Structures are given as structure tokens and as C-alpha cells.
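[1] fold the following, please.
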Amino acid sequence: MTEKLKNIGKLHGDRVIWLLILFFAMISMAVVYSATSSLAFRKDTTPFSYLMDQAGYYILGFIVLLVCYRIPMRAYRFLSYAAMGAAVALLIVPIATHQLRSFSLLGIPVHPSEIAKVAVVLYLARIIESSDLSTFKEYALKILLPVGAVCALTMFGSMSAALIIGTLTLIIMLCSGIRPRFILWTVPIAVGVVAAAFSASIITKGKVFPRFDTFGERIERHFSADEAEEMSAAELAEYEEKTFQADQAREAVQLGGIFGRGPGNSIKRDILPNAYDDYIYAVIIEEYGLIGGLAVIILYLWFFYRCMKIARACTRKFSIIVVLGLSTLITMQAFLHIFVNIGILPVTGQTLPMISRGGTALIIMNCAFGIILSVNRTIEIKDLKLKAEKEETTCSTESSSAEEAREATSFPHSR
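    Model prediction:
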């Protein structure tokens with residue numbers, strides 16, 4: 001019993017996920033060091049300084065991960081509402097300061113949309129667990145209105161982040177047994193809100209929801225590539241200027257081939273303006289080839305598979321939704337980044353989780369990993385306690401049986 005309880009204080013959680021965190025850190029250090037060469041040249045410094053910055057962000061992120069890992073699930077239930085409120089407040093700050101996407105806190109750029117992604121998952125898990133949502137009014141007040149407000153505020157700075165939050169919410173609702181008719185009624189409401197926001201953007205000439213124009217242009221450019229031959233020289237030059245990053249990323253993928261050009265030998269890293277965050281997967285393929293690119297994909301799929309095993313072992317709805325939501329968020333954003341880099345989807349500006357150059361996104365992703373491991377830790381500690389109690393009961397039963405046997409054999413002699 002004592003030995004079992006001692007094990008409760010040790011580091012728990014899925015060992016594969018702990019190992020994957022190490023793999024992501026190693027890949028991130030290697031690729032960020034290579035991809036920041038042009039940035040270092042522009043800033044008159046060395047890539048080593050950015051490597052040290054990335055190491056610092058990872059150390060901070062790992063501390064956050066350990067803190068989140070140690071927080072019990074009952075605390076997350078309590079904090080879910082506060083996290084949602086904090087996300088809304090933080091989303092308002094860059095809008096109020098006319099910075100739209102981020103603001104600086106102690107010298108660190110803070111992207112509220114990254115915080116909102118995790119906050120929405122915790123909030124939805126708590127609401128779905130604590131409410132039966134039997135009426136559309138209750139559903140609208142507790143889910144549609146708050147999540148819609150987060151998406152609307154996120155659209156000011158990032159349309160792709162708003163789409164991720166909206167899609168993630170839809171997946172969680174479909175998997176949580178929310179009444180299908182409520183979800184169907186949500187679709188026309190969401191379309192109406194987006195249409196109103198788009199109209200506001202047009203009327204105010206981009207002063208309201210300025211990211212609509214950028215998002216629309218990116219989609220239009222992505223699907224008008226076949227029409228480039230029919231453009232005039234001036235139109236073609238303007239088109240190529242706007243598609244420069246996407247074109248360079250595709251060329252980087254082509255240059256990588258099967259085995260890649262080797263670590264640190266990328267050519268496009270010095271041409272791509274955001275090779276260290278938005279296009280880091282293209283640099284991975286150029287340097288490590290198709291094999292390296294597939295290895296990264298396998299790591300994310302492996303992570304998602306392990307999370308599904310954790311979710312199946314959960315007995316509380318809150319824990320199931322948290323693991324499902326956070327693992328889907330990380331994997332979905334990873335594949336969104338990958339599809340953009342290889343030219344399947346238009347540019348979104350989403351980073352590659354746990355690998356792109358650090359900042360708010362890296363720290364928040366470590367937080368998400370910590371919460372998932374906290375769920376797994378809770379399950380393992382509960383199992384250890386049950387085993388300890390079972391062994392204690394078994395030992396007590398065996399001891400009682402042995403004592404009765406001794407008494408039975410000694411009784412005739414005493415008589």
C-alpha cells in the first residue's frame with residue numbers, strides 16, 4: 001500500500017506523448033536555427049541568438065506544461081469560465097489599440113486568438129458536462145452566443161483562427177451528442193453573421209473586419225492560378241508579387257525531393273519572409289526531404305492516436321471533451337499548416353504546433369499538452385489508488401483467513 005501511494009507522487013502521463021514532446025523540441029531547434037538565417041542577417045545578429053530565444057521559449061513552455069500537468073481536473077472545471085472571459089478580454093485589447101492581431105506584454109508579443117482556442121475547448125467541455133441543453137434558448141445562450149462572440153472578435157485579426165475555432169466547436173458538438181437540429185439551426189445564423197461582417201467590411205472600406213479583404217484575396221489567388229496565362233504583363237507581375245510566398249514554398253518542397261538537401265542547406269529559407277513560422281514545413285521538406293516531411297506527419301498522427309486512447313479511458317464527460325478538443329485542435333492546425341505549405345490550401349498564417357518559432361503559440365501549445373497529460377495523470381493515479389485499495393483488501397482477507405486457520409488448528413490442543 002505504501003509503495004503504491006509513493007508512486008502517485010511520481011511523474012505520470014502517457015510516456016509516448018512525453019517522448020513526442022521531446023521529438024517536437026528537437027525538430028524545432030534544428031529547423032528554427034536553419035530557417036532564421038535571413039532574419040538574423042536583417043537584424044544584424046546570428047541564427048544562434050534565435051536558437052537561444054527558441055530554447056528560452058521552450059523552457060518557459062515546458063514550465064507551463066508542468067504547471068498545467070499538475071493542476072487537477074476539478075480546478076480546470078472551475079477555471080473554464082474564467083479562461084473564456086479572459087480570452088474575450090484579451091481579444092478586445094488589440095482591437096482597442098488598433099493592432100488587430102497581437103499586443104506586447106513584457107516585451108513578448110501576445111496573440112489572443114491562440115489563447116481563445118484553448119479557452120473555448122475548456123468552456124465547451126464544462127458547459128456540455130453541466131447542462132443538458134434541452135432547449136434552443138439554453139443552447140444559444142450558453143454556446144452559440146459566447147463562442148460566436150469569440151469568433152467575431154477573432155475575425156478582426158485572423159479569419160483562419162476564427163474558422164479553426166468555429167470548426168473545432170462544430171466537431172465537439174457533433175461528438176458530444178448536442179441535438180442535431182440545434183446544430184442545423186446554427187448554420188444559417190453563422191452564415192448570416194459572416195455575411196453581415198462582410199458587408200460591414202465593404203461599407204467601411206476595410207476599417208471594420210479588415211482581414212476579410214486579405215482572406216478573400218488569398219482564396220481568389222489560390223483558385224485563379226490557371227488564369228495567370230491570360231493576364232497582362234502588369235497584372236501578372238502584381239499577381240506574382242502577391243503569390244510570392246506560396247510559390248517559394250512550393251519550390252522548396254520540389255527542391256527537397258525524397259532525401260532533402262541536408263540540414264542547414266535550404267535555399268528558400270533565405271527567400272521566404274516567414275520561413276521560421278508560417279512556412280517552416282516547407283523548409284523541413286527542403287532540408288530533410290519527403291522522408292522528413294512524412295516523419296513529422298506521423299508524429300502528429302501518433303499524438304492524435306494516443307490522445308484517443310486517453311479519451312476512451314476517461315469516465316467523465318469533461319475530461320473526454322477536453323482531450324478530444326485539444327488533440328483535434330493541435331492536429332487540425334498542424335495539417336492546415338502542412339496543406340498550405342504544399343499548396344493544397346490558400347495561405348492562412350497558421351504556425352506548425354510545437355515546431356514553428358516560439359512565442360505565444362508555442363507556450364499555449366505546451367499548455368494544451370499539459371492539460372491532456374493532466375487528464376491522463378488523473379486516470380493513472382485513480383487506477384493506482386484502486387489497485388492499492390484492492391491489494392490492501394486482499395491482504396486483509398488473507399490475513400484474516402490465516403488467523404482463523406491458526407485458531408481452528410490450535411483449538412483442539414487447547415481443549
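
[2] how about low-confidence regions in the stretch 101-250 of the chain?
    Within the stretch 101-250 of the chain, the segments meeting pLDDT under 70 span 201, 204-242.

[3] hey, where'd the strands end up in it?
    Taking DSSP state E, counting those that start in this stretch as the test, the strands found in the stretch 101-250 of the chain are 103-105, 108-110.

[4] most tightly surrounded among those strands?
    The highest mean neighbour count among the strands of the stretch 101-250 of the chain, using mean count of other Cβ atoms under 10 Å, belongs to strand 108-110: a mean of 15. C-betas here are computed from N, CA, C, even on glycine.

[5] can you tell me what sits against it?
    Identification of contacts with strand 108-110 by Cβ atoms under 8 Å, 6 or more residues apart in numbering yields Leu90, Ser102, Phe103, Ser104, Gly359, Thr360.

[6] got it, and stretch 162-171?
    113, 116-117, 120-121, 124, 143, 147, 150-152, 154-155, 183, 190, 325, 328-329, 332-333, 336, 350.

[7] show me which of these are buried.
    113, 116-117, 120-121, 124, 143, 147, 150-152, 154-155, 190, 325, 328-329, 332-333, 336, 350 (16 or more other Cβ atoms under 10 Å).

[8] buried ones in the helix or strand harbouring Ser28?
    Ser28 is part of helix 15-35, with elements assigned from DSSP states H and E. Within helix 15-35, the residues scored as buried using 16+ other Cβ under 10 Å are 17-18, 20-21, 23-25, 27-28, 30-35.

[9] and the next element down the chain from that helix?
    The first helix or strand that comes after helix 15-35 along the chain, using DSSP H and E, is helix 37-42.

[10] beyond that next one, next helix or strand please.
    That would be, after helix 37-42 and using DSSP H and E, helix 47-70.

[11] that next one packs against which elements?
    Helices and strands touching helix 47-70, as assessed by 3 or more Cβ pairs under 8 Å, 6 or more residues apart in numbering; DSSP states H and E, comprise helix 15-35, helix 37-42, helix 360-414.

[12] centre-most residue in this structure?
    When Cα atoms, centre = their mean is applied to the chain, the residue found nearest the centroid is Ile330 (3.2 Å).

[13] how long is stretch 103-113 end to end?
    One end of stretch 103-113 sits 11 Å from the other (Cα to Cα, to the nearest Å).

[14] Ala282 touches Ile267, doesn't it?
    No - judged on Cβ atoms under 8 Å, Ala282 makes no contact with Ile267 at a distance of 11.3 Å.

[15] neighbour count: those two, which is higher?
    Shown here are Ala282 and Ile267; by other Cβ atoms under 10 Å, Ala282 has more neighbours (33 against 15).

[16] and the contacts of whatever helix or strand Ala252 lives in?
    Here Ala252 is covered by helix 244-256, with elements defined by DSSP H and E. Identification of contacts with helix 244-256 by Cβ under 8 Å, 6+ apart yields 221-222, 240, 261, 266-269, 271-274, 278-279, 282-283, 285-290, 292-293, 340-343, 346-347.
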